[in-house]
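Chemist: Turn this into a structure:
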Amino acid sequence: MIVRKVLLDGYSSPARPQGRRPTCLAFALSDLNRPEAPADLSPEFLYRAAAILSPAWVPGGGVTFDAMQEASRAGQPEEVAFPYCIEEPSHPISPLPSGLKHYGQVLQRVSADPTDIACLITAGQPIGLGVRVTREFFKPEGGVIPFSDQVMAGLLHAVVAIGVGHEEGSSAPWFYVRNSWGPQWGVDGHAWVSGAYVSAHAECAFGVENGKADR
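Modeler: Purely as a prediction, here's the structure:
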């Protein structure tokens, strides 16, 4: 059983689904910025902005961390102003609308050490994780992702850690993560993952610059 120590405010709604599109990083950044915004933010706008900044982008190809970081400098509007689409945009992507109020901070890398991540979350900062995916990751058991050292080739996925806990009798950190596979995954789209999983399978960790911004 995982004993909850910290659970950040601002994430009471069920997690939104990305569908079959390669937009998990845009969803993760939208969730990182959500506590300082008045409503859910638009991953669609952010993804398209990063794709426009990527000369080699093709539908279904996803975007790089660097492109998303550059796109994040302009922020993103609310979801209702630029809703998510089921299908990928066609190439070339149409220019994005102007005149929308934007929110959010710049994407930045942070330490992927579980102890450092736990400290950041305890201090009130949600942290994104770029993790290699195991088969167990797809079906959390009782809201917990069992550890496995067997990752699935070529699968790198972004989630957001919004809570910290530990097993009874142990001080090793566990993280409560918010996914972008919809509410049917885990508990309304959330599950616990161990620090051991993060140590073994996290390719990177990331956050946003501190402080509120709207444009």
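Chemist: element containing residue 203?
Modeler: strand 202-208 (DSSP states H and E).
Chemist: From residue 113, how far out is the closest residue to residue 45 other than its chain neighbours?
Modeler: Leaving out its chain neighbours, the residue that sits closest to residue 45 by CB to CB, 6 or more residues apart in numbering is residue 82, at 4.3 Å. All C-beta atoms are positioned from the backbone trio N, CA, C, and that covers glycine. As judged by CB to CB, to the nearest Å, residue 82 and residue 113 stand 36 Å apart.
Chemist: what about residue 197, which SS state?
Modeler: helix (DSSP: H, G, I helix; E, B strand; the rest coil).
Chemist: what sits up against the strand holding residue 203?
Modeler: Strand 202-208 has contacts (CB atoms under 8 Å, 6 or more residues apart in numbering) with 28-29, 32-33, 65, 72, 104-112, 117, 120, 125-132, 156.
Chemist: which of the residues in stretch 200-207 are buried?
Modeler: Within stretch 200-207, the residues that qualify as buried are 201-202, 205-207, counting by 16 or more other CB atoms under 10 Å.
Chemist: picking that back up, which one of residue 82 and residue 113 is surrounded by more residues?
Modeler: residue 82 (19 against 14; other CB atoms under 10 Å).
Chemist: Can you give me the distance of that one to residue 166?
Modeler: 39 Å.
Chemist: what pairs with the strand holding residue 203, and is each one parallel or antiparallel?
Modeler: Each strand paired with strand 202-208, and its direction, by DSSP bridges: strand 107-110 (antiparallel), strand 127-134 (antiparallel).
Chemist: Can you report how many residues lie near residue 70?
Modeler: 17.
Chemist: what helix or strand is it on?
Modeler: helix 65-72.
Chemist: Could you list the residues in contact with that helix?
Modeler: With CB under 8 Å, 6+ apart as the criterion, helix 65-72 contacts 25-26, 29, 46, 49-54, 63, 104-109, 130, 204, 206, 208.
Chemist: at 10 Å instead, please
Modeler: The contact list for helix 65-72 (CB atoms under 10 Å, 6 or more residues apart in numbering) reads 25-26, 28-29, 32-33, 45-55, 57, 62-64, 96, 104-109, 130, 158, 203-204, 206, 208-209.
Chemist: most neighbours per residue, which of the strands paired with strand 202-208?
Modeler: strand 127-134 (a mean of 22; mean count of other CB atoms under 10 Å).
Chemist: List the buried residues in the strand ranked longest in the chain.
Modeler: When the chain is parsed with DSSP state E, its longest strand is strand 151-167. By 16+ other CB under 10 Å, the buried positions in strand 151-167 come out as 151, 156-166.
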